[in-house]
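[1] Sequence plus predicted model, see below.
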Amino acid sequence: MTSITNHIARSFGKLLSSEDNVVVTNLDHDANVTPWVLVADEQKASVRRVDFCFSDCQLDLEALEKSVDTNTKIVAVGAAANSCGSLTPIKTVVEIVKKASNGNALVYVDAVHYAP
């Protein structure tokens, strides 16, 4: 999955500008964070990090909503956290991102740690 994420990040990274931002989470494995941070840095786009709730190890959806705006182009999330096993409500994440970005952002889901 790491090489796939690297390739996809490189491809989509070419579409970023200095006015754009990329959102990653502190819940994700580094393999779904670093590629996005590197391409954002190369294109002078900003990076926003969304934290998680320590009490239940869930992505902080309110913080996600505050981090996404119309300049957000990519939101990278994991379907499941390798560190604690929590599952991310992907449908809810997509709805939040779609609304907050006015449909301008893509959601990249790393599902390597997810098993139904």
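    The structure has been received and is ready for your questions.
[2] What residues does the residue most central in space within the chain make contact with?
    Centroid-nearest residue in the chain: Ala76, 1.9 Å away (criterion: CA atoms, centre = their mean). Neighbour list for Ala76: Val22, Val23, Val24, Thr25, Asp28, Asn32, Val33, Trp36, Val107, Tyr108, Asp110 [criterion: CB atoms under 8 Å, 6 or more residues apart in numbering]. Placement of C-beta: from N, CA and C, glycine included.
[3] For Ser55, see how far away it is.
    24 Å (CB to CB, to the nearest Å).
[4] does the residue nearest to the centre of the chain count as helix, strand or coil?
    Recorded secondary structure, Ala76: strand (DSSP: H, G, I helix; E, B strand; the rest coil).
[5] quick revisit: and the contacts of Ala76, which of them are buried?
    Val22, Val23, Val24, Thr25, Asp28, Asn32, Val33, Trp36, Val107, Tyr108, Asp110 (16 or more other CB atoms under 10 Å).
[6] Kindly state the beta-bridge partners for the last one.
    What that stands for is Asp110. Beta-bridge partners for Asp110, by DSSP bridges, are Gly78.
[7] Also the second one?
    Partner residues in beta bridges with Val23, using DSSP bridges, are Arg48, Val75.
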